[in-house]
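*Asks:* fold the following for me, if possible:
(one chain, ligands or ions: 1)
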Amino acid sequence: MAGVAGRLARLWCSGALSSPLQVTRFPALQLHLCGPAMRASQEDFENATNQVKLLKKDPGNEVKLKLYALYKQATEGPCNVPKPGVLDFINKAKWDAWNALGSLPKETARHNYVDLVSSLSASSESSIQVTPAADRKQPGSDALVVTSQDGITTITLNRPDKKNALTTQMYHDIMLALEAASKDDSAITVLTGNGDYYCSGNDLTNFTDIPPGGVEEKARSGAVLLRDFVDRFIDFPKPLVAVVNGPAVGISVTILGLFDIVYATDRATFHTPFSHLGQSPEGCSSYTFPKIMGPSKATEMLVFGKKLTAREACTQGLVTEVFPDSTFQKEVWVRLKAYSKLPPNAMRISKQVIRNTEKEKLHAINAEESNILRERWLSDECMNAVVSFLSKKAKL
Ligand SMILES: CCCCCCCCCCC/C=C/C(=O)SCCNC(=O)CCNC(=O)[C@H](O)C(C)(C)COP(=O)(O)OP(=O)(O)OC[C@H]1O[C@@H](n2cnc3c(N)ncnc32)[C@H](O)[C@@H]1OP(=O)(O)O
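*Replies:* Numbers count the residues shown, from 1 in each chain. All right, here's what the predicted structure looks like:
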């Protein structure tokens, strides 16, 4: 074991493993608006800074410079830093863009920023609903964006460059977001992904940051994190909907058995390659999958790693409904907005009547799965599979 973990550590130190990519903000610069400056509230501005992270298409360098300078003008006022040297090309371009705004008032810059982001969001058909000013900004981070509108709190996995793989921090952020959503005034909570993937499961670089206590401590703390994470889904009190916008892998698939509705684009696939990875089922799937699809279909997925298409997953009961990718977002959100208008207490109580009969059993299953995985994570089978992936030798 130590040999394999040592290989992981050497891989990590050699730089062969890239650190998790942070989603970068591109704050903005803009044209002078003629006539009286419209007002954009601070909330509008904050929401816009969130929305810009969710743009599906890169708006290009020119627009990004515009975004950068408007953001600086709105938050700091006229350009107030020394001009970079001619060889410092990127910072000089940013300085020029900001300086070009001159004495544009902060509130005008703020309004122009919000305007530009709204136009970019509309044109790029951002995968996330545009959040009007009246709605609130929710807890989240760059890799997790939480918005709330029309009675729906949406938790969006936002690491499209890494197929929305879940970092340790994201597990914690999702738990915080679910905690907040359980208490806010929304009627329904949605989990979805930004980009072409819903989620590629556990970020395998999570195995590389070995704490002082060594791999045994890593496995212990990982099992605690996993158990706490899945408990939040078992106990979540409101209707919980998965909007599966693309392929789903690993834990993002297994916890679907704890959702109330699973809507999927026909582009989605559902893959639980646990044996391939030297691991074992989690998310209560060792119980929910046989219950949902029968023991043999569950074994094909969880033991043999059979990847399901969206339609196969729907036939087997894991997915509620499959939509054509071209109309997926539109159809799903129209439906969810209608559902969110139903009496929230009745929905919450009805969900609890359904879930309460199994809650105790689900917690016990989760505890057992987490204990088994704690051992699996220490096995050579698991570490060899992780090393193969991280050294770019193998993908699923
Ligand atoms: C003891 C540690 C415990 C820590 C925490 C415990 C808490 C919870 C544990 C829960 C248990 C969960 C289990 C699982 O989820 S098992 C499934 C894990 N996921 C995978 O094995 C998928 C790995 N990824 C792939 O096989 C491919 O990336 C994929 C088929 C998904 C897509 O292939 P494609 O060719 O389309 O795209 P790329 O491979 O080029 O991906 C783009 C970049 O994204 C990176 N990436 C993608 N998925 C992951 C991932 N899961 N972990 C880390 N990085 C991922 C990929 O490396 C590319 O990065 P670069 O651009 O830098 O090369």
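*Asks:* which stretches of the stretch 251-396 of the chain form strands?
*Replies:* Here the stretch 251-396 of the chain has its strands, by DSSP state E, counting those that start in this stretch, at 261-265, 269-271, 308-309, 321-323.
*Asks:* helices or strands up against the second one?
*Replies:* If you count contacts as 3 or more Cβ pairs under 8 Å, 6 or more residues apart in numbering; DSSP states H and E, strand 269-271 packs onto strand 248-249, strand 308-309, helix 310-315. All C-beta atoms are positioned from the backbone trio N, CA, C, and that covers glycine.
*Asks:* what's next to it, contact-wise?
*Replies:* Residues outside strand 269-271 that contact it (Cβ atoms under 8 Å, 6 or more residues apart in numbering) are 247-250, 253, 256, 301, 305, 307-310, 312-313, 318-319, 396.
*Asks:* residue closest to the middle of the protein?
*Replies:* Centroid-nearest residue in the chain: Leu157, 0.9 Å away (criterion: Cα atoms, centre = their mean).
*Asks:* filter the contacts of strand 269-271 down to the ones near the ligand?
*Replies:* Contacts with the ligand are made by 249-250, 396 out of the contacts of strand 269-271, judged by Cβ under 6 Å from any ligand atom.
*Asks:* I'd like those residues as JSON lines, with neighbour count and pLDDT appended.
*Replies:* JSON lines is the format used below for those (neighbours: other Cβ atoms under 10 Å; pLDDT from 0 to 100):
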{"residue": "Val249", "neighbour count": "23", "pLDDT": "98"}
{"residue": "Gly250", "neighbour count": "24", "pLDDT": "98"}
{"residue": "Leu396", "neighbour count": "15", "pLDDT": "81"}
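*Asks:* for Ala313, see how far away Leu240 is.
*Replies:* Leu240 is 17 Å from Ala313, where distance means Cβ to Cβ, to the nearest Å.
*Asks:* please identify which of those two sits among more neighbours.
*Replies:* For Leu240 versus Ala313, neighbours defined as other Cβ atoms under 10 Å are more numerous around Ala313 (26 against 22).
*Asks:* got the contact list for that one?
*Replies:* Ala313 is in contact with 264, 268, 270, 319, counting by Cβ under 8 Å, 6+ apart.
*Asks:* for the closest residue to the ligand within the chain, give me phi and psi.
*Replies:* Residue of the chain nearest the ligand, by Cβ to the nearest ligand atom: Gly250 (2.2 Å). The phi/psi pair for Gly250 (degrees, to the nearest 10) reads phi 60, psi -130.
*Asks:* before we move on, what about the one 10 residues further on?
*Replies:* Listed backbone geometry of Asp260 is phi -90, psi -30, with angles given as degrees, to the nearest 10.
*Asks:* how about the residues of the stretch 101-250 of the chain near the ligand?
*Replies:* For the stretch 101-250 of the chain, the contact set with the ligand under Cβ under 6 Å from any ligand atom comprises 162-163, 165, 168, 171, 200-207, 218-219, 222, 225-226, 249-250.
*Asks:* now intersect these with the strands, please.
*Replies:* With strands taken from DSSP state E, the overlap with these comprises Val249.
*Asks:* give me the buried subset of the residues of the stretch 101-250 of the chain next to the ligand.
*Replies:* Listed as buried from those are 162-163, 165, 168, 171, 200-207, 218-219, 222, 225-226, 249-250; burial here means 16 or more other Cβ atoms under 10 Å.
*Asks:* those residues in helices, which ones?
*Replies:* 168, 171, 218-219, 222, 225-226 (DSSP state H).
*Asks:* ok, and the closest non-adjacent residue to Ser182?
*Replies:* With Cβ to Cβ, 6 or more residues apart in numbering as the criterion, Ser182 has its nearest non-adjacent residue at 5.4 Å, and that residue is Pro237.
*Asks:* so which of the helices and strands packed on strand 269-271 is the most packed in?
*Replies:* The highest average neighbour count among the helices and strands packed on strand 269-271, using mean count of other Cβ atoms under 10 Å, belongs to strand 248-249 at a mean of 28.
*Asks:* would you mind giving the strands of the stretch 251-396 of the chain as JSON lines with mean pLDDT and distance to Asn366 added?
*Replies:* Shown next, in JSON lines, are these (pLDDT from 0 to 100; distance: least, Cβ to Cβ, whole Å):
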{"stretch": "strand 261-265", "mean pLDDT": "98", "distance to Asn366": "19"}
{"stretch": "strand 269-271", "mean pLDDT": "98", "distance to Asn366": "20"}
{"stretch": "strand 308-309", "mean pLDDT": "98", "distance to Asn366": "23"}
{"stretch": "strand 321-323", "mean pLDDT": "98", "distance to Asn366": "27"}
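*Asks:* was I right about Ala109 contacting Tyr68?
*Replies:* No - if you go by Cβ atoms under 8 Å, Ala109 and Tyr68 don't touch, sitting 11.5 Å apart.
*Asks:* between the two, which is the more surrounded one?
*Replies:* For Ala109 versus Tyr68, the count of surrounding residues by other Cβ under 10 Å is larger for Ala109: 30 against 20.
*Asks:* so which strand or helix has the more buried one?
*Replies:* helix 106-123 (DSSP states H and E).
*Asks:* same for the helix or strand just after that helix, what does it pack against?
*Replies:* Proceeding N to C from helix 106-123, the next assigned helix or strand is strand 144-149, under DSSP H and E. Where contact means 3+ Cβ pairs under 8 Å, 6+ apart, strand 144-149 is packed against helix 42-51, strand 152-157, helix 168-183.
*Asks:* can you rerun that using 6 Å?
*Replies:* Here strand 144-149 touches strand 152-157, helix 168-183, going by 3 or more Cβ pairs under 6 Å, 6 or more residues apart in numbering; DSSP states H and E.
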